[in-house]
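Participant: need a structure here:
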Amino acid sequence: QMQLKESGGGPVQAGDSLRLSCAASGRTISTYTMGWFRYVPGREREFVAANLYSGTTDYAESMKGRLTISRDNTKNTVDLQMNDLKPDDTAVYFCAAKPDTWGGSYSHPSQYLYWGQGTQVTVSS
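Facilitator: So this is what the prediction gives:
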């Protein structure tokens with residue numbers, strides 16, 4: 001079992017930056033693709049960013065250029081740097097882990113095995 005815990009969310013103003021962190025315990029993240037998703041009530045969970053176990057990164061098209069996902073396998077952490085935040089970025093942000101032996105798309109939440117409890121990000125205009 002892997003436990004994931006997000007931190008770093010909070011209320012910010014439009015244009016601000018936030019750095020979300022995800023701390024993993026129980027298993028090493030080195031053999032997992034690590035992803036960030038976000039959820040707004042009434043909508044489906046949305047892909048934000050992924051850092052594959054190979055080190056490759058990818059981002060949601062709508063947020064490209066404003067995000068940087070990074071991982072530290074020695075610390076067992078994954079961070080998401082978000083810049084120039086907009087009110088539409090308001091959501092609960094989740095960290096998730098996808099085993100490297102699983103197929104399927106890293107941008108789909110159903111392909112992830114472990115999830116954190118989420119951290120709220122609220123962006124006001």
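Participant: middle-most residue in the chain, spatially?
Facilitator: residue 36 (1.8 Å; CA atoms, centre = their mean).
Participant: That one reaches residue 80, doesn't it?
Facilitator: Yes: taking contact to mean CB atoms under 8 Å, the distance of 4.9 Å between residue 36 and residue 80 places them in contact. The way it works is simple: take the backbone N, C-alpha and C, and place the C-beta from them, glycine included.
Participant: what do these two both touch?
Facilitator: By CB atoms under 8 Å, 6 or more residues apart in numbering, residue 36 and residue 80 have these common neighbours: 20, 22, 48-49, 69, 93.
Participant: Inside strands: which ones of those?
Facilitator: Among these, the ones falling in strands (DSSP state E) are 20, 22, 48-49, 69, 93.
Participant: Could you point out which of these is nearest to residue 110?
Facilitator: When those are compared for distance to residue 110 (CB to CB), residue 48 wins out at 15.7 Å.
Participant: This structure: strands as residue ranges?
Facilitator: With DSSP E as the criterion, the chain has strands spanning 3-7, 10-13, 18-25, 32-39, 46-51, 57-59, 67-72, 77-82, 91-99, 114-115, 119-124.
Participant: thinking again about what came up before, pairing partners for the residue nearest to the centre of the chain in the sheet, please.
Facilitator: Taking DSSP bridges, one obtains residue 49, residue 95 as the residues bridged to residue 36.
Participant: who's in contact with it?
Facilitator: 20, 22, 48-50, 69, 78, 80, 93-96.
Participant: So which of those residues wins on neighbours?
Facilitator: Ranked by neighbour count under the definition other CB atoms under 10 Å, these are headed by residue 95 with 30 neighbours.
Participant: doesn't residue 38 make contact with it?
Facilitator: No: applying CB under 8 Å, one finds residue 95 not in contact with residue 38, separated by 10.8 Å.
Participant: Can you report how many residues lie near residue 11?
Facilitator: Number of residues near residue 11 (other CB under 10 Å) recorded here: 12.
Participant: quick one: pLDDT of it?
Facilitator: Among the per-residue scores, residue 11 shows a pLDDT of 98.
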